[in-house]
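**Q** sharing a model prediction with you, sequence too.
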Amino acid sequence: MQSFRTELENPVVEKDILELARKIELFKEGKIDEEKFRSLRLARGVYGQRQEGVQMIRIKLPYGKVRSHQLRRIAEVSDEYSRSRLHITTRQDIQIHYVDLNRTPELWAELERDNVTLREACGNTVRNVTASETAGIDVNEPFDVSPYADALFKFFLRNPICQEMGRKFKVSFSASDEDTGLSYMHDLGFIAKIENGVKGFKVMLGGGLGSQPRYADLFYEFLAADKIIPLMEGVLRVFDRYGERKSRAKARMKFLLKDIGLEAFKGLVEEEQTAIEFKTVPIDTSNYETSQPVDTDFPAVNITNEAAYKLWKSTNVIPQKQNGYVAIGIKVLLGDFYTDKARLLADLVEQYAAGEIRLSLRQNILIPFVKEEGLPFFYSELEKLGFVEAGYNKAVDITACPGTDTCNLGIASSTGIAEELERVIKAEYPQYLENGDLVIKISGCMNACGQHNMANIGFQGMSIRTKDKLVAPALQVLLGGGNLGDGKAFFADKVVKIPSRRGPEALRRILDDYEAHANGAPFVDYYKAQGEKYFYQLLTDLSRIDNLTQDDFIDWGTEEAYVKAIGIGECAGVVIDLIATLFLESDEKIEEAEAAYANKVYSGAIYEAYRSMVNSAKAILLSENIKTNTQAGIIKQFDEYFVETKQIDLGTSFSDLIYQIKAYPPSEAFASNYIKTAQQFLETVRAFRARQVAEKN
């Protein structure tokens, strides 16, 4: 195994990093199945890139909060292991690209020196917990949601119940009824509320984007804050057991809810309550580490362009609920910036603000706790970094995923067309520099990482084929999406598909018509009044493909002829694995169960033993070419094919054996017995597998 310096204070983290290094070696030696290795590295933030032989690393930054020392550490890591460029995502993460797989454990170890993790930033896990970037400073918030988002993140990190689900799981916190955390499009969304003096949340369940967007259901009108972690544990247990695992396209929470209904889902969550150790989890907000603004004087500066400064203040400065302080929004074009600027920014906020930045869901940066009298100085310093472009969170502030730049699934350019559309708005529609009501978003494919189907004006990367079988990049134009607040929203309608090169003209027509007919109404209301057919007629001539020019076959941001090339989706669940690999994993899960038991984490020990039994049962089903899907399905199938036919004698049904997990509380005695049950089950099925192999030979 490769050697590198760890020496970390946290032994759990150190073990995690060394385990990644070990698995990389086993994969290189051909001892781990490729699909299983993919699942493992994704759960460690290591994501395959469009370019062969290199990885994208996703750094998990809960609710987008980054301290100055952490930003400097991320910059150092990007310089050493990548290309000195940082990319802010629409989930408040930072990504770095072009990293050698063999160096990822070392990279991770360096980040952890400043308490920055890669763990569960990708894969079929609980992804980064996001929140309103104004949490803690929002003038409209009933309370600061940051401590609650932080507690939830920590509780589920490395938690056995959410390590190998059928698909990813996304959680958000909104500071106020404005719902800037976008609860309606999350698997679980929490909106801060106070009821009868009790802090709590409105809870939304089962939202999502992608090719089939779904509004989240109202799960609870109000849930006390000490109930949110137990609730999420129940939800995750049900999703893990009953969620789709065969078809990646149907494996999200929204499809499970659609299939069984909200009331049936609630019933399943209720069935899990016996197994949940903590019925309430009080969140001690007094121990939450809040950033403290520094008390300092600001150097005198001379503003040379008063008009530019005045415009910047009108679009990029946000009032705080703390008297005398404001927050500064930095518009980061496409979420990309470089490490030299990151270091200078880290120094600036450490010396003159509160030593932190917030990453936003629109790929921007927010600096909280700037004294109002320090605004001229901050403007002057940020201007040196190229960070004073007006239009923070305004119409000109277009969100875009990386698209075909680096993503395996990208079909057409997101970043190239986004740059061109921003240029069009600045040059031809300068009034939108101060318009915060118009939201434009772009994704390179249907997966909606750029959140295009929740935008007022959205574009989705596609391709078109001519009668001569020539392929050109295209954009699906979507209109009418919008956030209405308090968990309510509209998703955009698909209006027309056009060649990508006609995207700017489509935007011009839409904005011109909006100017002429909206009469000051918000874009959502204007779109609803006009209707989808109206916009189809407005744009349909742009969809013609019998008059394409040579330029139409070259995508934005490139000079080369377009080639549609889609790789393997890196967010996929585990597909059919080798039997030996599954048994090896079952052994590892029992080892994890024993370790958790030794540490008196009985709930975790029980769940690891449960995962081992499901895994072992799946191995035997696959050995007979029996297709598997959900965990509940595996348990039922094992009984049907092996227990009821008396091929395997367990002394009882497999269902009764394994579902003890729902019947007993997570005590020390039950954990001990359940681990022994998992060990005995593994021995039984291994013996059966040995007989299978012997008979075939």
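**A** Yes, it's here. Numbering: from 1, shown residues only.
**Q** burial measure for Glu644, as a count.
**A** Look at Glu644: counted by other Cβ atoms under 10 Å, it has 12 neighbours. Quick note: C-beta positions are derived from backbone N, CA and C, even for glycine.
**Q** to clarify, my last question referred to Gln680.
**A** Gln680 has 14 neighbours, counted by other Cβ under 10 Å.
**Q** how close does it get to Ile648?
**A** According to Cβ to Cβ, to the nearest Å, Gln680 stands 12 Å off from Ile648.
**Q** do the same with Ile620
**A** Counting by Cβ to Cβ - Ile620 and Ile648 are separated by 8 Å.
**Q** Val396 too?
**A** Counting by Cβ to Cβ, the separation of Val396 from Ile648 is 65 Å.
**Q** show me which of the two is the more surrounded one.
**A** Val396 (25 against 19).
**Q** what residues does the more buried one make contact with?
**A** Contacts here follow Cβ atoms under 8 Å, 6 or more residues apart in numbering; on that basis Val396 touches 390, 422, 425-426, 432-433.
**Q** roughly how far apart are it and Lys469?
**A** For Val396, the distance to Lys469 - Cβ to Cβ - is 38 Å.
**Q** again with Ala529
**A** Ala529 is 41 Å from Lys469, by Cβ to Cβ.
**Q** am I right that Ala694 sits in a strand?
**A** No - Ala694: not assigned to a strand; according to DSSP: H, G, I helix; E, B strand; the rest coil it is helix.
**Q** what's the burial count for it?
**A** The number of residues near Ala694, taken as other Cβ under 10 Å, comes to 8.
**Q** mind starting the numbering at 38 from now?
**A** Will do, 38 is the new start, and the previous item becomes Ala731.
**Q** for Gly487, what are phi and psi?
**A** Gly487 has phi and psi values of phi -90, psi 0 when expressed as degrees, to the nearest 10.
**Q** which strands and helices sit next to the helix or strand where Ser653 lies?
**A** If you go by DSSP states H and E, Ser653 is part of helix 639-660. Packing contacts for helix 639-660, counted by 3 or more Cβ pairs under 8 Å, 6 or more residues apart in numbering; DSSP states H and E, involve helix 616-635, helix 668-675, helix 691-695, helix 697-700, helix 705-733.
**Q** so where do the helices sit in the stretch 238-387 of the chain?
**A** 265-279, 290-297, 299-308, 343-353, 376-389 (DSSP state H, counting those that start in this stretch).
**Q** helices and strands around the shortest one, which ones?
**A** Secondary-structure packing of helix 290-297 (3+ Cβ pairs under 8 Å, 6+ apart): helix 265-279, helix 299-308.
**Q** alpha carbons only: can I get the first one in PDB?
**A** C-alpha atoms of helix 265-279 as PDB (Å, rounded to 0.1, in the frame of the first residue of the first chain):
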ATOM      1  CA  ILE A 265     -35.700  16.400  13.200                       C
ATOM      2  CA  ILE A 266     -32.800  14.000  13.600                       C
ATOM      3  CA  PRO A 267     -35.000  11.000  14.700                       C
ATOM      4  CA  LEU A 268     -37.400  11.800  11.900                       C
ATOM      5  CA  MET A 269     -34.600  11.800   9.300                       C
ATOM      6  CA  GLU A 270     -33.300   8.500  10.700                       C
ATOM      7  CA  GLY A 271     -36.700   6.900  10.200                       C
ATOM      8  CA  VAL A 272     -37.000   8.300   6.700                       C
ATOM      9  CA  LEU A 273     -33.500   7.000   5.700                       C
ATOM     10  CA  ARG A 274     -34.200   3.500   7.100                       C
ATOM     11  CA  VAL A 275     -37.300   3.300   5.000                       C
ATOM     12  CA  PHE A 276     -35.600   4.600   1.900                       C
ATOM     13  CA  ASP A 277     -32.700   2.200   2.400                       C
ATOM     14  CA  ARG A 278     -34.900  -0.800   2.700                       C
ATOM     15  CA  TYR A 279     -37.700   0.000   0.200                       C
END
